[in-house]
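Novice: Fold the following and give me the result.
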Amino acid sequence: MDSVQFTAPSPAGNDVWVGWASEHHVAVKRTILVVEDEQDIRDLVRFHLEQEGYAVREADSGERALAQVAAERPALVVLDLMLPGTDGLEVCRRLRSAEATLKLPIIMLTARAEELDR
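Specialist: The predicted structure follows:
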């Protein structure tokens with residue numbers, strides 16, 4: 001039997017699983033959205049996540065991140081704090097204030113080194 005690609009909601013109902021099904025097994029890739037305005041950092045994070053088997057989507061601004069989450073709910077968001085326009089904290093606030101994304105896991109990514117900044 002040939003493999004068939006599919007997209008379906010997860011059992012929790014809040015993220016998208018993409019996978020391939022055959023008569024013998026099902027492989028599933030979870031989607032992670034990487035939100036970072038610096039291309040080199042996005043590329044590095046994407047590389048490592050893909051090496052671990054994740055499907056990766058990208059956004060280079062807060063506005064694009066919010067649109068991407070609305071279009072295709074990821075399993076996780078890796079979010080830079082210092083974005084042009086709508087910054088990472090505001091993106092996080094908006095995601096936490098919406099019922100549909102209230103429990104969406106978010107990992108904050110920052111180059112800030114000072115203890116006060118954390």
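Novice: buried set for the helix or strand hosting residue 70?
Specialist: Assigned by DSSP states H and E, residue 70 belongs to helix 62-71. Of all the residues in helix 62-71, those buried under the rule 16 or more other Cβ atoms under 10 Å are 62, 64, 65, 66, 68, 69. Backbone N, C-alpha and C define where each C-beta goes, glycine included.
Novice: Does residue 84 belong to a helix, a strand or coil?
Specialist: Put simply, residue 84 is coil when judged by DSSP: H, G, I helix; E, B strand; the rest coil.
Novice: quick one: it and residue 38 touch, right?
Specialist: No. Residue 84 is beyond contact range of residue 38, at 10.6 Å (criterion: Cβ atoms under 8 Å).
Novice: The two: which has the busier surroundings?
Specialist: Each of residue 84 and residue 38 has its neighbours counted (other Cβ atoms under 10 Å); residue 38 has more, 13 against 10.
Novice: could you check the distance from the more buried one over to residue 98?
Specialist: 27 Å (Cβ to Cβ, to the nearest Å).
Novice: for residue 91, same thing?
Specialist: Distance from residue 91 to residue 98, by Cβ to Cβ: 11 Å.
Novice: higher neighbour count, those two?
Specialist: A count of neighbours by other Cβ under 10 Å puts residue 91 above the other of residue 91 and residue 98, at 26 against 13.
Novice: Not counting its neighbours along the chain, what's nearest the more buried one?
Specialist: Once flanking residues are discounted, residue 91 sits nearest to residue 62: 4.4 Å by Cβ to Cβ, 6 or more residues apart in numbering.
Novice: and the one you found, what is it in contact with?
Specialist: The contact partners of residue 62, taken as Cβ atoms under 8 Å, 6 or more residues apart in numbering, are 35, 83, 85, 86, 87, 88, 90, 91.
Novice: And the fifth one, what's its pLDDT?
Specialist: This means residue 87. Here, the pLDDT recorded for residue 87 equals 95.
Novice: what's the burial count for it?
Specialist: Around residue 87 there are 16 residues (other Cβ under 10 Å).
Novice: ok, it touching residue 81?
Specialist: Yes. In this structure, residue 87 is within contact of residue 81 by Cβ under 8 Å, at 6.5 Å.
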